[in-house]
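S.K.: Mind folding the following:
(chains A and B, ligands or ions: 1)
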Amino acid sequence: MPETAFSDYKSTATRAPSLEPVKLEGGWDNSASLRPVWPDLAKRDADLTINGRVNGDPIGERIVVEGRLTDEAGRPVPGALIEIWQANAAGRYVHREEMHAAPLDPNFLGAGRCISAADGSYRFITIKPGSYPWGNHRNAWRPAHIHFSIFGAGLAQRLVTQMYFPGDPTLRYDPIFNATRDARIRNRLISRFSIEDTVPNWAHCLKFDICLAGAYGTPFEEGHDHG
Amino acid sequence: MADMRDFGEMDADDKGGVHDYSYEDTGAVDASPGLTPSQTVGPFFAYGLTPGPYGYAFPEIHKTDLAGADVAGERIEIIGHVFDRDGVRVHDAVIEIVQADASGTYVHAPRNDGFTGFGRCGTGAQGKDADTHFKFRTVKPGASQRGAAPFVTLIVTMRGLLNHMITRMYFPEDDLARDPVIAQVPETRRGTLVAKNAGPGRYRFDIRMQGPEETVFFDL
Ligand SMILES: [Fe+3]
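M.R.: Sure thing, here's the model as predicted:
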């Protein structure tokens, strides 16, 4: 099995391809110039404490999640579409098929998006998500996490991942977090608490910098990280 | 929990245990610099990535119809299902398409005709008992390189995939023999990259994650 499967994460068994992807000589045609155009986004799209509001503030611990998008050479990646989604403070998703017996928050949707700035930076305001159980095995609990979808310049800069929180005691038991097998690579997914950027009397700040492959689809030594 | 079957995660026979991965001591090992690794999109992306068709209260910014009135070219419809190893239709996949316009030109800036060259569709918008297909309305792309056949790029991800997959859809009426990418695919597997005619202007492109007709995916 290629690295797309991880037996401890059971649904990979029927869904991860069994064959290695075909490695192309000569690249992907025009992927270098393939840069999708995104619509202008509302400012409130990046503030999850506001964009789901009905009649009050969402419940939970308000946090700032911010960081920078760079490529492997350290150059900023501007203009990338960053979309996030997450559970509420009680560990419950708005998604209709979610069954966890925890309360919905009428003032929290849990979805946000923004476009990275000229220096590659992005910033979300949200509520710290709770941990939730899933059916992979007995006492399977997802560590608190925020899902990220990123579309930068070209196909090589497409990334779907999850951000975790420092010091979470469930990280070591989670087969999804641990599906990234190398600990030094996996730990890039754990955000960092920043006292410097924490906003006084308002919100903790968590830093999550994201490193994308080169814009031109050139193979890099660590290209397998995405696999 | 009432029904976890829908997420494919619950295995009734397996009450077995929690695995402790601490041999790689999560807290004690520093992250090395480098690419941020991929993780699964999970089952609950719909209200974030495709809120519109699923009816969530978050404005939709992505299209399944790329062929606005001002866009030049032959109108086509692409419809398909995603199948898992057991031939079961996947109802929680996200399919994205990226393509050139009818003249073979890719979009890299906003255009007057509104063509973006990008579309996104979830396979569960009709609910779990419905058809679970993905469907796009667009224009047939032109060939973007000499000697290459026209194609649509598809980015495929879902719960149970650790990272997204990239494939291509070619058109059955085109001359594929000299396409430089097709040429690199084992002959027996090339058919998985070619759409089937499904009526005038209509193409069916099914994606099979495993099995004898497993779709060819590419490493860029
Ligand atoms: Fe999740």
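S.K.: Now A:Val160: which helix or strand?
M.R.: Per DSSP states H and E, A:Val160 falls inside strand A:158-164.
S.K.: Quick check: pLDDT value at B:Val18.
M.R.: Here the pLDDT value assigned to B:Val18 is 85.
S.K.: again, but for B:Pro200
M.R.: pLDDT, B:Pro200: 95.
S.K.: For chain B, just list every one of the helices.
M.R.: Assigned by DSSP state H, chain B shows helices spanning B:46-49, B:51-54.
S.K.: could these be laid out in CSV, adding mean neighbour count?
M.R.: C-betas here are computed from N, CA, C, even on glycine. Output for the helices of chain B, formatted as CSV (neighbours: other C-beta atoms under 10 Å in any protein chain shown):
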stretch, mean neighbour count
helix B:46-49, 24
helix B:51-54, 19
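S.K.: export those helices to a markdown table and tack on mean pLDDT?
M.R.: Supplementary listing: those in a markdown table, determined by pLDDT from 0 to 100:
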| stretch | mean pLDDT |
| --- | --- |
| helix B:46-49 | 93 |
| helix B:51-54 | 88 |
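S.K.: hang on, the earlier thing: so the helix or strand following the strand holding A:Val160, near chain B or not?
M.R.: Once strand A:158-164 ends, the next helix or strand along the chain (criterion: DSSP H and E) is helix A:183-186. Yes: Helix A:183-186 reaches chain B (C-beta under 8 Å from any C-beta of the partner chain) through A:Ala183, A:Arg184, A:Ile185, A:Arg186.
S.K.: do the same with stretch A:5-22
M.R.: Yes: counting by C-beta under 8 Å from any C-beta, chain B has neighbours in stretch A:5-22: A:5-6, A:8-22.
S.K.: Mind checking which of the residues you listed are buried?
M.R.: The neighbour-count test (16 or more other C-beta atoms under 10 Å in any protein chain shown) marks A:5-6, A:9-17, A:21-22 as buried among the residues of stretch A:5-22 next to chain B.
S.K.: Could you tell me which of those residues are located in helices?
M.R.: Counting by DSSP H, these place A:Thr12, A:Ala13, A:Thr14, A:Arg15 in helices.
S.K.: is it true that the second one touches A:Ser7?
M.R.: Yes: at 7.0 Å, A:Ala13 and A:Ser7 qualify as touching, with contact defined as C-beta atoms under 8 Å.
S.K.: residues contacting the one residue in chain B that gets nearest to chain A?
M.R.: Nearest to chain A, among the residues of chain B, is B:Gly48, at 2.9 Å (C-beta to the nearest C-beta). By C-beta atoms under 8 Å, 6 or more residues apart in numbering or on different chains, the contact list for B:Gly48 reads A:Glu83, A:Ile84, A:Trp85, A:Gly110, A:Ala111, A:Gly112, A:Arg113, A:His147, A:Ser149, B:Phe58.
S.K.: And the residue most central in space within chain A, what's its pLDDT?
M.R.: In chain A, the centroid-proximal residue (C-alpha atoms, centre = their mean) is A:Phe148; its distance is 2.4 Å. Predicted confidence (pLDDT) for A:Phe148: 98.
S.K.: Same question for A:Pro36.
M.R.: 79.
S.K.: That one against A:Phe151, yeah?
M.R.: Yes: judged on C-beta under 8 Å, A:Pro36 makes contact with A:Phe151 at a distance of 6.3 Å.
S.K.: Overlap in contacts, those two.
M.R.: A:Leu81.
S.K.: ok now do B:Val41, which residues does it touch?
M.R.: A:His147, A:Ser149, A:Val160, B:Leu49, B:Val94, B:Thr157, B:Met158, B:Arg159, B:Leu161, B:His164 are the contacts of B:Val41 under C-beta under 8 Å, 6+ apart.
S.K.: Where neighbours are concerned, which of the residues you listed has the most?
M.R.: B:Met158 (28 neighbours; other C-beta atoms under 10 Å in any protein chain shown).
S.K.: Who is that residue paired with across the strands?
M.R.: Taking DSSP bridges, one obtains B:Ala93 as the residues bridged to B:Met158.
S.K.: ok, now the one 10 residues further on?
M.R.: In this entry, B:Arg168 is beta-bridged to B:Thr153, by DSSP bridges.
S.K.: Next up, the contacts around it.
M.R.: B:Phe151, B:Val152, B:Thr153, B:Leu154, B:Val181, B:Leu193, B:Phe218.
S.K.: go again using 7 Å as the cut-off
M.R.: B:Arg168 makes contacts with B:Phe151, B:Val152, B:Thr153, B:Val181, B:Leu193, as judged by C-beta atoms under 7 Å, 6 or more residues apart in numbering or on different chains.
S.K.: ok, the last one - how many residues close by?
M.R.: In this case it means B:Leu193. Neighbours around B:Leu193, by other C-beta under 10 Å: 23.
S.K.: Does it touch B:Glu214 like I think?
M.R.: No: in terms of C-beta atoms under 7 Å, B:Leu193 does not count as a neighbour of B:Glu214; the distance is 11.6 Å.
S.K.: Need the three-state assignment for the residue nearest to the centre of chain A.
M.R.: Using DSSP: H, G, I helix; E, B strand; the rest coil, the structure places A:Phe148 in strand.
S.K.: quick one: it from chain B, how far?
M.R.: 9 Å (C-beta to the nearest C-beta, to the nearest Å).
S.K.: where's the residue in chain A that chain B sits nearest to, which helix or strand?
M.R.: The nearest approach of chain A to chain B comes at A:Trp85, 2.9 Å away (C-beta to the nearest C-beta). Under the criterion of DSSP H and E, A:Trp85 resides in strand A:81-86.
S.K.: Which residues are in contact with the closest residue to A:Arg142 other than its chain neighbours?
M.R.: Distance criterion C-beta to C-beta, 6 or more residues apart in numbering or on different chains; nearest residue to A:Arg142, sequence neighbours excluded, is A:Tyr132 at 5.5 Å. The neighbourhood of A:Tyr132, defined by C-beta under 7 Å, 6+ apart, consists of A:Ala87, A:Gly91, A:Arg92, A:His100, A:Trp141, A:Arg142.
S.K.: Against A:Ala203, how distant is A:Tyr132?
M.R.: 22 Å (C-beta to C-beta, to the nearest Å).
S.K.: before we move on, what about B:Ile79?
M.R.: Per C-beta to C-beta, B:Ile79 is found 45 Å from A:Ala203.
S.K.: Verify the contact between B:Ile20 and A:Asp174 for me.
M.R.: Just to correct that, residue B:20 is Asp rather than Ile. No: using C-beta under 7 Å, B:Asp20 is not in contact with A:Asp174, being 10.4 Å away.
S.K.: Is there any residue in the biggest strand by length in chain A that contacts chain B?
M.R.: With secondary structure taken from DSSP state E, chain A has its longest strand at strand A:62-71. No: on the criterion C-beta under 7 Å from any C-beta of the partner chain, strand A:62-71 is out of touch with chain B, staying 9.2 Å away.
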